[in-house]
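*Asks:* I'd like to go over a predicted model; first the sequence, then the structure.
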Amino acid sequence: MQNKKTSVVEVCVNVFSGTILSYLLTLFALPLWGININPTRALEITILYTLVALIRSYIIRRLFNRRKTKCIKEKK
């Protein structure tokens, strides 16, 4: 079972490790579809998606952890 602090650390490492990749993809991929974007806007978009990913990942992690804990308790 994973405690809440460990969940937060894991989620942060996971999400922030993808932040740089997300920024680069936003900055360089959008122009391929004709969407011109400057570095500041790319950073704003990346920050928004990063915050959403952090919240989403933490909630999913805790739901799975709760489910696992419930299954363990039922087996006892």
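*Replies:* Right, received. Where do you want to start?

*Asks:* now do the host helix or strand of residue 66: distance to the chain's middle.
*Replies:* Using DSSP states H and E, the element containing residue 66 is helix 39-75. Offset of helix 39-75 from its chain centre (CA atoms, centre = their mean, to the nearest Å): 6 Å.

*Asks:* ditto for stretch 7-22
*Replies:* The offset between the C-alpha centroid of stretch 7-22 and the centroid of the whole chain comes to 6 Å, using CA atoms, centre = their mean.

*Asks:* run through who's touching it.
*Replies:* When contacts are defined by CB atoms under 8 Å, 6 or more residues apart in numbering, stretch 7-22 is touched by residues 2, 46, 49-50, 53-54, 57-58, 61-62, 65. Backbone N, C-alpha and C define where each C-beta goes, glycine included.

*Asks:* cool, and stretch 58-71?
*Replies:* Residues outside stretch 58-71 that contact it (CB under 8 Å, 6+ apart): 1-2, 4, 7-8, 10-11.

*Asks:* mind doing that once more with 10 Å?
*Replies:* The set of residues that contact stretch 58-71 without belonging to it, under CB atoms under 10 Å, 6 or more residues apart in numbering, is 1-4, 6-8, 10-12, 14-15.

*Asks:* mean confidence for that stretch?
*Replies:* Model confidence over stretch 58-71, given as mean pLDDT, is 80.

*Asks:* buried residues, that stretch. List them.
*Replies:* For stretch 58-71, the buried set under the neighbour-count rule, 16 or more other CB atoms under 10 Å, comprises 58, 61, 65.

*Asks:* got the confidence number for residue 52?
*Replies:* For residue 52, the pLDDT comes out at 90.
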